[in-house]
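Colleague: got a predicted structure plus its sequence, pasted below:
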Amino acid sequence: MTKYRDHKEVYTRDYSRWSVYPKIPRPDEYGRKSLRPGQIIEVEIIDVDEKGRGVANYNGIKIKINGGGTVGDKVKIRIINHRGEEALGEVIRFL
């Protein structure tokens, strides 16, 4: 028994890492839609940042939009880059 004395915990908390069962999503992950580069979406510009880019919000993700526009404009955009909770898009058409 002395060789097991160094182990603080017999069972690890990383059981899901080695599990054969699929990951069960948390309730806050059910409604979230992820963004992919090249995806086309329609958003409304809600703000303008310090560089003059439009800022929109899509399912809790902040999108900075190149190509002009002012607050209140509805635009169709193409996602260029997506990292974490921020994304970069370009204007395709004003609606």
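Modeller: Structure received.
Colleague: can you pull out the helices in the protein?
Modeller: Counting by DSSP state H, the chain has no helices to list.
Colleague: all strands of it, in order?
Modeller: With strands called from DSSP state E, the chain shows them at 40-44, 47-48, 54-58, 61-66, 74-83, 86-94.
Colleague: name the helices or strands packed onto the last one?
Modeller: In this structure, strand 86-94 makes packing contacts with strand 61-66, strand 74-83, judged by 3 or more CB pairs under 8 Å, 6 or more residues apart in numbering; DSSP states H and E. Where you see a C-beta, it was placed from the backbone N, CA and C, and this is true even at glycine.
Colleague: what pairs with that strand, parallel or antiparallel?
Modeller: Note on strand 86-94: by DSSP bridges, its sheet partners are strand 61-66 (parallel), strand 74-83 (antiparallel).
Colleague: okay, angle between the first one and strand 54-58 too, please.
Modeller: Going back to what we said before, that points to strand 61-66. Angle of strand 61-66 versus strand 54-58, following axes from the mean of the first three to the mean of the last three CA atoms, to 10 degrees, is 150 degrees.
Colleague: restrict strand 61-66 to CA atoms and write it as CSV.
Modeller: C-alpha atoms of strand 61-66 as CSV (Å, rounded to 0.1, in the frame of the first residue of the first chain):
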residue,chain,number,x,y,z
ILE,A,61,-20.4,36.6,-30.8
LYS,A,62,-19.1,40.1,-31.6
ILE,A,63,-18.6,40.6,-35.3
LYS,A,64,-16.5,43.5,-36.7
ILE,A,65,-17.5,44.4,-40.2
ASN,A,66,-15.3,45.9,-42.9
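Colleague: about what we covered before: could you export the strands of the chain to TSV, including columns for mean neighbour count?
Modeller: Formatted as TSV, the strands of the chain follow (neighbours: other CB atoms under 10 Å):
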stretch	mean neighbour count
strand 40-44	15
strand 47-48	14
strand 54-58	19
strand 61-66	18
strand 74-83	16
strand 86-94	16
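Colleague: to Val91, which of the strands paired with strand 86-94 lies closest?
Modeller: strand 74-83 (5.2 Å; CB to CB).
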